[in-house]
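In: this one's sequence-less:
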């Protein structure tokens, strides 16, 4: 394999990691508060706002039920507005973030809903404000599950990021399609797949280990 | 700030000695109804609750599950709101406090739970520190306060452990330390020993008693276990179907239960059942040569009377002990004894006469051949 190709693969890996990192970072920054809100705003809950909860929930579901490849195309005007263009690695982070945010929000909602309601009652009995309950009880107690959820989101984002290659985004997917598929270079395709497998494995095992480390419910010898 | 301040008025009040049995918590005709789910009928949880918790006392509320006791205790720190009546805490009507007002109040009320409700992500130290963090206490003060409390509950060596590494009794000790962190005047105990084994229960009850006597903290507890009441409560209220059916000094209520619910609770610790082997042989009508089975109740000083030897020596009847249990309620002995005596009319009359003169209550259970 030519040094030129190796350079391309390394570059594409870097692009993929960058896209995924930006999308995961922004997706978490937006998805965490959204997820916390979804988990605490039904009737009788800490920030009870059932109407807002229902609207946001419907919005999240709508985004999540749109196939990613259609979402990418559908929001091109929005992508142009944000990134100035709809082509390339940087532009691809916009649809990735839009897809990641509701996904992460639902994962975080699920993690928070798993927290024992007795802990919320205990915090209330201490005179905690709803915000204190979120910061000091719900998020710390849900953290091991949140980390597992974010790991799942990262793995999904690696897959999505390969897909944006099909519509002119950069990264490993783009490389695989242009060289591996369109130029009939099966070795490039194989390497792209291998690199993605290694990335997914690494993300998953780091996430698992971190979550286990944070989980104090298990007895540590 | 412009309103004229009358310092004297305050001072006079502050100088008045506190009456010993002043109510720290007072329920006046309190009712609680939960809105029905999905347009169903509303559910009555509590009705017409009148209850006084004297300052410095340990008051127990006993009832079966669903009797309303959980709702009752949650009315004291505003986790539930009354739908009728008035609740006064230290003379202040808290019935219509806002959520923000309640938050302030809750810092002066500690609460412990059946399942401890400790944060699994925090160490023992940080769990106890939580209410202080919530109240915005500076870190240095938190350090000192938490250390003092961990010493009090005997867990100083576990401060860096996580709840998952502790036994049930140790977890409840952490719960108690946490509840005391903000130096509350009232401690609410929600079935605090129901998840613990009998031995651990005794140790936790002893700690609660110590907290009450040494720190002067008023305790209101709810339970379904009469031993808890018997062990530490000065006063007891029996709750059934959302109503308080009986209330009074623990010893009075337990030795002279007036309501059937109370009687069945009391039976569990102090009553003696007729033993299995005998139950089938007992009949109502006396036959020639039968023995009479009597249940003798002991209360207070009489519990120490040497009744059997008196009966044998004074009347000259043979007394056969079938079953018995003598216990103590708040250091006063209490119990009952099941005996059989010869059943002839004059002998039986003499036995009852003698028991009465000793101040003991006796009841004829039946006859046995």
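Out: Everything's here; your move. If you're wondering where the values come from, they're calculated on a predicted model, not measured in any experiment. Numbering: from 1, shown residues only, chains lettered A, B, ... in the order given.

In: Could you tell me the phi and psi values at residue A:67?
Out: Here is the backbone geometry of residue A:67 (degrees, to the nearest 10): phi -60, psi 140.

In: Residue A:98 versus that one, what's the distance?
Out: Noted for residue A:67: a distance of 13 Å to residue A:98, by CB to CB, to the nearest Å. The way it works is simple: take the backbone N, C-alpha and C, and place the C-beta from them, glycine included.

In: Looking at those two, which has the bigger crowd around it?
Out: A direct count of neighbours by other CB atoms under 10 Å in any protein chain shown for residue A:67 and residue A:98 places residue A:98 higher, at 23 against 10.

In: Quick one: list the elements packing against the strand or helix carrying the more buried one.
Out: Element membership for residue A:98 (DSSP states H and E) is helix A:89-113. Here helix A:89-113 touches helix A:3-40, helix A:50-65, helix A:68-74, helix A:76-83, helix A:139-164, going by 3 or more CB pairs under 8 Å, 6 or more residues apart in numbering or on different chains; DSSP states H and E.

In: what would the ones you listed look like in a markdown table with mean neighbour count?
Out: Shown next, in a markdown table, are the helices and strands packed on helix A:89-113 (neighbours: other CB atoms under 10 Å in any protein chain shown):
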| stretch | mean neighbour count |
| --- | --- |
| helix A:3-40 | 19 |
| helix A:50-65 | 13 |
| helix A:68-74 | 15 |
| helix A:76-83 | 15 |
| helix A:139-164 | 22 |
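
In: so which of those helices gets nearest residue B:37?
Out: helix A:50-65 (14.9 Å; CB to CB).

In: Relative to the whole chain's centre, how far out is that closest one?
Out: Offset of helix A:50-65 from its chain centre (CA atoms, centre = their mean, to the nearest Å): 18 Å.

In: With stretch B:38-55 instead?
Out: Distance of stretch B:38-55 from its chain centroid, counting by CA atoms, centre = their mean, is 19 Å.

In: Sort out which residues of it are buried, please.
Out: By 16 or more other CB atoms under 10 Å in any protein chain shown, the buried positions in stretch B:38-55 come out as B:45-47, B:49, B:51-55.

In: What is the burial count for the nearest residue to residue B:289 once chain neighbours are set aside?
Out: Sequence neighbours aside, residue B:369 is the residue nearest to residue B:289 in space, at 7.0 Å (criterion: CB to CB, 6 or more residues apart in numbering or on different chains). Neighbours of residue B:369 under the rule other CB under 10 Å: 12.

In: cool, residue B:98 as well?
Out: Around residue B:98 there are 9 residues (other CB under 10 Å).

In: and what of residue B:195?
Out: If we define neighbours as other CB under 10 Å, then residue B:195 has 15 of them.

In: so who does the residue of the stretch 251-369 of chain B found nearest chain A touch?
Out: Chain A sits closest to residue B:265 of the stretch 251-369 of chain B, with a gap of 26.6 Å, by CB to the nearest CB. Applying CB atoms under 8 Å, 6 or more residues apart in numbering or on different chains to residue B:265 gives the contacts B:62, B:226, B:238, B:257.

In: Turn those into CSV, including secondary structure, pLDDT and neighbour count.
Out: Below are the contacts of residue B:265 laid out as CSV (DSSP: H, G, I helix; E, B strand; the rest coil; pLDDT from 0 to 100; neighbours: other CB atoms under 10 Å in any protein chain shown):
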residue, secondary structure, pLDDT, neighbour count
B:62, strand, 96, 25
B:226, helix, 90, 23
B:238, strand, 96, 27
B:257, coil, 85, 17
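
In: Once you drop chain neighbours, what's closest to the residue of the stretch 151-300 of chain B found nearest chain A?
Out: In the stretch 151-300 of chain B, no residue comes nearer to chain A than residue B:162, which is 4.2 Å away by CB to the nearest CB. Spatial nearest neighbour of residue B:162, chain neighbours left out: residue A:216 (4.2 Å); criterion: CB to CB, 6+ apart.

In: pretty sure the one you found is touching residue B:160, no?
Out: No: between residue A:216 and residue B:160 no contact is recorded; they are 11.5 Å apart, counting by CB atoms under 8 Å.

In: next SSE after the helix or strand hosting residue B:148?
Out: Per DSSP H and E, residue B:148 falls inside helix B:139-152. Using DSSP H and E, the helix or strand that follows helix B:139-152 towards the C-terminus is helix B:168-180.
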